[in-house]
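In: Model the following, please.
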Amino acid sequence: MGLGAPLSRAPFWRGMAGFLRQRMWLFIAFAVGSVLYALPVPDGLTREGQIILIMVIVAVILFVTEPVPLPAVALMIIAGQVILLGKQSSDVARSLMSDSVLFIMGSLMLAVGIIKQKLDKRLAYLIVRVTGTGLFQVSMGITVVCGVLSSVIGGHTVAAMMLPVALTLITLTKEHTKKISGLAAVLLLSIAYGCAIGSIGTPSGGARNAIMIGYWEEFFFNADHPSTYKYLVSYLDWMKFAYPVFLLQLPFVTWILFTAFKPEHKTLRRAVAKLRKQIEAQGPIKGSDWAAIFIFLLILAGWITLSDVLGLGIVAILGSALFLIVGLVRWNDMNSGVNWGVVLIYAATISLGVEMKDSGAAEWLAVSFLDLLKPWHLDSGLPLWAAYTALTTLVANTMSAGAAVAVLGPVTLHTAELVGESPLALGYITAISTSFAYFTAAAQPAFAIIYASGYLRTRDFLKVGWRMGILSASVLLLAAKFYWPLLGV
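Out: Okay, the predicted model is just below:
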């Protein structure tokens, strides 16, 4: 009996040790925050700004290491503004629900309604009917379709829609041969990088775009003098700047994939023949499919024509309501299909970004970053754009693109004001550069979805990513230098 008590406590201590190991980075982040909190306030920075920057640093550590669910980090950001900054809880609550957040929430709800229609095999067959059965042409066709779709409904949605398309072609080819690793990599990464480059095309392509539009309004709109507001960016305005950057990258994606991998087959003729039989067995497109397509086109038209009046978020919310009213999706499906934690994360990080502006922390960071660039003569013009492209790409590869814009956006806009650069140009560069998170399977939601197929290795993304990074950065900087001035920037 004397030995029973220590033995009975052993599972408790093992469980406690396991808990501490799992939460190690949480304690490290809090320790870093505590040390920084005790330090004197740096010159030129307010105490409130210091606390905001400490919250950002702690949040970044937790975003990168993920010792706790990311929505828990968002909840801590919200609570921290009240406890550490002394903000009124009602004021913090109001800062969480901007049009950008409504837009993100509505887009995620729309994604559920679109995926519910299961048009994947028909889309696969439509692609190969247009491109033919050659692998190079099919890969390019998939990239184009993914790019165009992800520019309006978000890369993670398109990846979820298109993964069955690629898997259908891969599976039907696999029946005839065992070696398909190169072929599978080309088809699957056509989806991944098509989604990545396409997501910059319109405001609805990614949360990062909506966040930057919100920052332009937050920073430069004066309700007392609305006629002086110069940075009202509509859906079409964004497309004028960003869509050519997306289109210029399209021809190179498949070429890069064929350079990085050596596909075992040059044609998908047998797979396409089998796919055609499956499509014929399904019968014609149903009325509900046409209804979903019509509503989606209606929402797109609303974004283009009504976003100045209603806001992007309200149009997205109305579109989601239409899917529910018509009966194309049930609320239970939408409720379970939407990652509400993502909405919470974006709301909290946007709120934190606004506090960075109001506290002066963003301006202090901008000045500090410029001081680092000045000795290298990188503090204006094209060198500054390149520096921000590199910085944003680095940050976006360590956290979500939306979070990267939420953190860097205020710094970017203050930098533009300090050096006399266009806040539009530097803002677009920051938002677009976050799509260059190409290097790991976890860098983008679309990449994680594709990686989950089991056909890819983690090093496959790095193998393609560095090539894509050089291409995308070059196209962006060339557009900023030679094309955007034609638009008046």
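In: Longest helix in this structure, by number of residues?
Out: Counting by DSSP state H, the longest helix found in the chain is helix 235-260.
In: And the average pLDDT for the next helix-or-strand element following that helix is what?
Out: Scanning forward in sequence from helix 235-260 by DSSP states H and E, the next helix or strand is helix 269-282. Helix 269-282 carries an average pLDDT of 76.
In: now swap in stretch 318-328 and tell me
Out: The average pLDDT for stretch 318-328 rounds to 92.
In: need the contact list for the most centrally placed residue in the chain.
Out: In the chain, the residue lying closest to the centroid (C-alpha atoms, centre = their mean) is A401, at 4.4 Å. By C-beta atoms under 8 Å, 6 or more residues apart in numbering, A401 lies in contact with G206, A207, R208, T434, S435, A437, Q444. To be clear about C-beta, it is placed using only N, CA and C from the backbone, and glycine gets the same treatment.
In: hmm, try it at 10 Å
Out: 155, 196, 199-200, 206-209, 211, 392, 395, 431, 433-437, 443-445 (C-beta atoms under 10 Å, 6 or more residues apart in numbering).
In: Now the phi/psi pair for it, please.
Out: Main-chain torsions, A401, degrees, to the nearest 10: phi -60, psi -40.
In: Run a quick neighbour tally on the residue nearest to M399 when sequence neighbours are not counted.
Out: Distances taken as C-beta to C-beta, 6 or more residues apart in numbering place F63 nearest to M399, at 4.3 Å, with adjacent residues excluded. Neighbour count for F63, taken as other C-beta atoms under 10 Å: 20.
In: Confirm F63 sits in a helix?
Out: Yes. The assignment for F63 (DSSP: H, G, I helix; E, B strand; the rest coil) places it in a helix.
In: Return the distance of it relative to K357.
Out: 20 Å (C-beta to C-beta, to the nearest Å).
In: can I assume the residue nearest to M399 is in contact with V407?
Out: Yes. Using C-beta atoms under 10 Å, F63 is in contact with V407, at 9.4 Å.
In: Need the overlap of contacts for those two.
Out: T349, M399.
In: residues of stretch 402-412 that come out buried?
Out: For stretch 402-412, a neighbour-count test (16 or more other C-beta atoms under 10 Å) marks G402, A403, A404, V405, A406, V407, L408, G409, P410, V411, T412 as buried.
In: ok now that stretch, how far from the chain's centre?
Out: 12 Å (C-alpha atoms, centre = their mean, to the nearest Å).
In: what sits against L268?
Out: Contacts of L268 by C-beta under 10 Å, 6+ apart are 128, 131-135, 137-139, 169-170, 172-173, 183, 187, 275.
In: Let's see that with 6 Å instead.
Out: Shown in contact with L268 (C-beta atoms under 6 Å, 6 or more residues apart in numbering): T133, V138, L169.
In: which other helices and strands contact the helix or strand where the second one lies?
Out: Just to be clear, that refers to V138. Under the criterion of DSSP H and E, V138 resides in helix 135-153. Helices and strands touching helix 135-153, by 3 or more C-beta pairs under 6 Å, 6 or more residues apart in numbering; DSSP states H and E, are helix 120-131, helix 155-174, helix 181-198, helix 235-260.
In: got the angle for it vs helix 155-174?
Out: Orientation check (axes from the mean of the first three to the mean of the last three C-alpha atoms, to 10 degrees): helix 135-153 against helix 155-174 gives 160 degrees.
In: ok, and what's touching helix 135-153?
Out: Applying C-beta under 6 Å, 6+ apart, the contact partners of helix 135-153 are 127-128, 131, 158, 162, 186, 190-191, 194-195, 197-199, 201-202, 204-205, 253-254, 263, 266, 268, 300.
In: Which parts of stretch 208-221 count as buried, going by neighbours?
Out: Per 16+ other C-beta under 10 Å, stretch 208-221 contains these buried residues: R208, N209, A210, I211, M212, I213, G214, Y215, W216, E218, F219, F220.
In: can you pull the pLDDT of the first one?
Out: Think R208. pLDDT for R208: 88.
In: Residues touching the helix or strand that contains it, excluding its own?
Out: R208 belongs to helix 207-220 when assigned by DSSP H and E. Residues outside helix 207-220 that contact it (C-beta under 6 Å, 6+ apart) are 98, 100, 103-104, 203, 231, 233, 346, 350, 401-402, 405-406, 409, 413, 427, 431, 434.
In: Show me how far that helix is from its chain's centre.
Out: 15 Å.
In: CA atoms only for that helix - export them in CSV, please.
Out: Extracted in CSV, the C-alpha atoms of helix 207-220 (Å, rounded to 0.1, in the frame of the first residue of the first chain):
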residue,chain,number,x,y,z
ALA,A,207,-8.9,38.5,-47.1
ARG,A,208,-5.6,40.4,-47.5
ASN,A,209,-7.0,42.5,-50.3
ALA,A,210,-10.1,43.5,-48.3
ILE,A,211,-8.0,44.3,-45.3
MET,A,212,-5.8,46.7,-47.3
ILE,A,213,-8.8,48.4,-48.8
GLY,A,214,-10.1,48.8,-45.2
TYR,A,215,-6.8,50.3,-44.1
TRP,A,216,-6.8,52.9,-46.9
GLU,A,217,-10.2,54.1,-45.7
GLU,A,218,-9.3,53.9,-42.0
PHE,A,219,-6.1,55.9,-42.5
PHE,A,220,-7.1,58.5,-45.0
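In: Buried residues, the longest helix of the chain. List them.
Out: 235, 237-239, 241-243, 245-250, 252-254, 256-257, 260.
In: One more: stretch 16-34?
Out: Neighbour-count burial for stretch 16-34 flags L26, A29, G33 (criterion: 16+ other C-beta under 10 Å).
In: The last one and L318: what is the separation?
Out: In this structure, G33 and L318 are separated by 41 Å, where distance is defined by C-beta to C-beta.
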